[in-house]
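Student: Generate coordinates for the sequence data below:
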Amino acid sequence: MEASQKSVSSQALTFGLVTGLVMILYNLILYVFEATTNQYLGYVSYIILLIGMFLAIKSYRDKETGGTLSYAQGIGLGTLLALFASILAGIFTFILYKYIDPQGIEPMIQAAREEMYRRGVEGKQLDQMMAMTKKFLKPHWMAISGVFYTTLVGLLLSLIVSVFLKRTK
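Tutor: Next up, the predicted model:
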């Protein structure tokens with residue numbers, strides 16, 4: 001049992017780092033083309049995570065366990081992969097907005113203001129909500145919340161992917 005857990009961790013780390021690097025590359029492309037505030041393009045990161053997760057779980061099932069995979073193994077592997085990928089992406093986010101382009105957060109703040117205004121928030125309420133938004137649009141909070149949120153999404157995705165990839169004897 002211990003060897004299996006090491007193998008799950010190793011598989012998750014390997015595929016998590018690759019998936020994290022692909023997510024970073026994609027986010028770098030969004031940054032270069034000034035599309036970081038496009039919500040729909042942001043969802044592509046989760047598709048990248050889903051593909052990485054599928055490949056990792058399938059590879060683990062086929063190469064490490066002789067073609068069998070429990071539902072729990074799939075969930076564990078997928079969630080660990082998401083954690084490792086999100087930590088890598090979080091570090092990138094922190095470095096990008098803390099040291100490379102601290103002003104890169106301004107378009108996000110402006111997009112949040114426009115969205116609130118579009119929803120009918122005005123005056124003092126808008127000012128209060130923007131003050132709160134600015135507190136959380138700091139590099140360290142963006143990195144921490146990104147790790148938490150991506151890992152949570154990874155858990156949910158691994159619940160789905162594991163249903164299709166589980167195989168018993």
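Student: got the contact list for stretch 123-133?
Tutor: With contact meaning Cβ atoms under 8 Å, 6 or more residues apart in numbering, stretch 123-133 is reached by I109, A112, R113, M116, Y117, V121. (Glycine included, C-beta is placed from N, CA and C.)
Student: excluding its backbone neighbours, what's nearest the second one?
Tutor: Going back to what we said before, that points to A112. If the residues on either side of it in the chain are set aside, A112 comes closest to T133, at 4.9 Å by Cβ to Cβ, 6 or more residues apart in numbering.
Student: The last one too?
Tutor: With sequence-adjacent residues excluded and distances taken as Cβ to Cβ, 6+ apart, V121 is closest to M129, at 6.1 Å.
Student: State the helix or strand in which that neighbour lies.
Tutor: Using DSSP states H and E, M129 sits in helix 123-136.
Student: now do L156
Tutor: Counting by DSSP H and E, L156 is found in helix 139-165.
Student: from the middle of its chain, how far away would the helix holding M129 be?
Tutor: 26 Å (Cα atoms, centre = their mean, to the nearest Å).
Student: can you map out the helices along the chain?
Tutor: Per DSSP state H, the chain carries helices over the ranges 2-32, 39-42, 44-59, 71-95, 106-118, 123-136, 139-165.
Student: Any regions of the protein where pLDDT drops low?
Tutor: Low-confidence segments of the chain (pLDDT under 70): 1-6.
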